[in-house]
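> Quick one: sequence plus predicted model below, questions after.
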Amino acid sequence: MTLGMKMTWGASAAICLAATMALGHGDVAPQAVDTSGLPELGEEWLIENPYRAETAGQDVWARAVEIGASGYNQNCARCHGLEVVSGGLAPDLRFLEAEEYGDEWYAERFQTGYTQNGITKMPAFGELLGQEAAWAIRTYIETRPDDAAMEEASETLKGLRDQLAGLANGADGDGEAIQDQLFEIAVEIETLSGAPVADSVAYRAANLLEKRPDAYKEAAEILTIGLSAAN
């Protein structure tokens, strides 16, 4: 069964505030983001995310999430938190609305940065990283799952993780049934941004098993890492 049959859904700015304990970005240089595999967007900046699944298709969306995760972790996580979970020093970007208003604000802030009382709280990333990287990071940010939904599903996911680990070690079990359960959990996990797709560990593990039905070990590792990060 395809992902489209399993799911009915399609997938302030991804920017770093203050590397010196939220007072300024300091000497941390922005890291280039490899955007190969994404459609080029031209020089004129867009005001709406072009990489959403309903606009660009599932494959482009998935690639944007992958690239955005790398770009975010290199340039933004030190201030906005791993998996975009803010520790309080910078805004929690998961709540930035996944719609035109949020996109327009994001694009402007990403391009021009933010200065307060003469202190650069956020550098201008536009010319440094380009808009393909900007929208990939935006796509990753808006697909972060709701913490409460993940916590509610955590015990079930741990059980499925253990079953997958058993299958990887030669135990009897029904891998397809586990995949079905992961998809069912994935569609129930919402985003905080309002985006229709939450790139949760349930989604990632289920999608991997759809592509590689015998990837039990890797799927178990996805769940282990994701559940550990959530805790």
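Sure thing, it's come through.
> how near is residue 70 to residue 64?
Residue 70 sits 11 Å away from residue 64, going by CB to CB, to the nearest Å. For every residue, glycine as well, the C-beta is placed using N, CA and C.
> So what touches the longest helix seen in the chain?
When the chain is parsed with DSSP state H, its longest helix is helix 147-168. Residues outside helix 147-168 that contact it (CB atoms under 8 Å, 6 or more residues apart in numbering) are 85, 173, 175, 178, 181-182, 185, 188-190, 198, 200-202, 205, 216-217, 219-220, 223-224, 227, 230.
> how close does the residue positioned nearest the centre of the chain sit to residue 157?
With distances taken as CA atoms, centre = their mean, the residue of the chain nearest its centroid is residue 140 (3.1 Å). Remark: distance between residue 140 and residue 157 (CB to CB) = 21 Å.
> got it, and residue 83?
Applying CB to CB, the value for residue 83 to residue 157 is 15 Å.
> just residue 179 next, same as before
In this view, residue 179 and residue 157 are 13 Å apart by CB to CB.
> Can you verify residue 120 is assigned to a strand?
Yes. With DSSP: H, G, I helix; E, B strand; the rest coil as the criterion, residue 120 is part of a strand.
> residue furthest from the geometric center of this structure?
Within the chain, the residue lying farthest from the chain centre (CA atoms, centre = their mean) is residue 172, at 33.4 Å.
> How is that residue assigned, secondary-structure-wise?
Look at residue 172: counting by three-state DSSP, its state is coil.
> Residue 115 too?
Classified using three-state DSSP, residue 115 is strand.
> Residue 100: neighbour count?
For residue 100, the tally of surrounding residues (other CB atoms under 10 Å) stands at 11.
> now do residue 129
Residue 129 has 24 neighbours, counted by other CB under 10 Å.
> any low-confidence regions in this protein?
Low-confidence segments of the chain (pLDDT under 70): 1-28, 230-231.
> The longest helix of the chain: which residues count as buried?
Within helix 147-168, the residues scored as buried using 16 or more other CB atoms under 10 Å are 149, 150, 153, 154, 157, 160, 161, 163, 164, 165, 167, 168.
> Which helix or strand lies directly C-terminal to the helix or strand where residue 177 lies?
According to DSSP states H and E, residue 177 maps onto helix 175-188. Counting by DSSP H and E, the next helix or strand C-terminal to helix 175-188 is helix 201-211.
> Extract the CA atoms of that next one and return them as PDB.
The C-alpha trace of helix 201-211 is given here as PDB (Å, rounded to 0.1, in the frame of the first residue of the first chain):
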ATOM      1  CA  VAL A 201       9.400   9.400  14.100                       C
ATOM      2  CA  ALA A 202       6.300   7.300  13.500                       C
ATOM      3  CA  TYR A 203       6.100   8.700  10.000                       C
ATOM      4  CA  ARG A 204       9.800   8.300   9.400                       C
ATOM      5  CA  ALA A 205       9.800   4.700  10.500                       C
ATOM      6  CA  ALA A 206       6.700   3.800   8.600                       C
ATOM      7  CA  ASN A 207       7.900   5.400   5.400                       C
ATOM      8  CA  LEU A 208      11.200   3.600   5.700                       C
ATOM      9  CA  LEU A 209       9.500   0.300   6.000                       C
ATOM     10  CA  GLU A 210       7.300   1.100   3.000                       C
ATOM     11  CA  LYS A 211      10.400   1.600   0.900                       C
END
